[in-house]
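Trainee: A predicted structure for the sequence below; I have some questions about it.
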Amino acid sequence: MFLIAHRGNISGPQLDLENNPKYLNNAISKGYDVEVDVWYINNKLYLGHDEPQYQIELDYLKNEHFWCHCKNIEALEFLLDNEVHCFFHDNDDATLTSRGFIWTFPKKKLTKSSICVLPENGFDENLNYCTGICSDYITTYNYKSKRQQ
């Protein structure tokens, strides 16, 4: 089971810290993968949810623990061209990541290849069925991480 800290959150949302590289690194150091929001503007990469906030280098995103949510189409094209694990979605029920996982929107039907996103928002299916969980409260899920196996 992949255990993914949503924007680096492990014990609840921290809006002022989300997508900050130090915050993301902290979640990774605790054994979690991380969903991170990525922008590509004027040939530069940035992290940030609603807007670009933290400029970063491509090598930073090549970390196997990142699940990069592309916030603009330019980021998607750039990360795909550079073989970074990424996905892009807007209001879809699900989208495919570049490594073939089904990133499943909150409260939508899961498959065995699904990453269940934000189950704390009222999801009631059996989470043992999916391949991963992305949550702001990832420490509350008592599964063995695929990274620890």
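Mentor: Nice, I can see it. Residues are numbered from 1 along each chain as shown.

Trainee: next secondary structure after the strand or helix carrying Phe78?
Mentor: Assigned by DSSP states H and E, Phe78 belongs to helix 73-81. For helix 73-81, the following helix or strand on the C-terminal side (DSSP H and E) is strand 86-87.

Trainee: could you look up the SS state of the residue most central in space within the chain?
Mentor: Nearest residue to the geometric centre of the chain (C-alpha atoms, centre = their mean): Glu35, 1.8 Å. Following DSSP: H, G, I helix; E, B strand; the rest coil, the label given to Glu35 is strand.

Trainee: what is the neighbour count of the residue nearest to it when sequence neighbours are not counted?
Mentor: Leaving aside its sequence neighbours, Glu35 sits nearest to Trp67 (C-beta to C-beta, 6 or more residues apart in numbering; 4.7 Å). For glycine as for every other residue, the C-beta is placed from the backbone atoms N, C-alpha and C. Counted by other C-beta atoms under 10 Å, the residues lying close to Trp67 total 23.

Trainee: wait, is Trp67 part of a helix?
Mentor: No - applying three-state DSSP, one finds Trp67 to be strand, outside a helix.

Trainee: mind listing what it touches?
Mentor: 4, 33-36, 85-87, 97, 103, 115, 134 (C-beta atoms under 8 Å, 6 or more residues apart in numbering).

Trainee: what confidence value was assigned to it?
Mentor: On pLDDT, Trp67 comes in at 98.

Trainee: picking that back up, by neighbours, which of the contacts of Trp67 wins?
Mentor: Val36 (30 neighbours).

Trainee: just the strands from this structure, written as ranges.
Mentor: For the chain, applying DSSP state E gives strands covering 2-6, 33-41, 44-47, 54-56, 66-70, 86-87, 94-96, 102-104, 114-117, 132-135.

Trainee: any chance of the ones you listed in CSV, plus distance to Glu77?
Mentor: Shown next, in CSV, are the strands of the chain (distance: least, C-beta to C-beta, whole Å):
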stretch, distance to Glu77
strand 2-6, 23
strand 33-41, 8
strand 44-47, 12
strand 54-56, 17
strand 66-70, 9
strand 86-87, 10
strand 94-96, 15
strand 102-104, 18
strand 114-117, 22
strand 132-135, 23
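
Trainee: contacting residues for Gly8?
Mentor: Listed by C-beta under 8 Å, 6+ apart, the contact set of Gly8 reads 14, 17-20, 23-24, 26-27, 34, 36.
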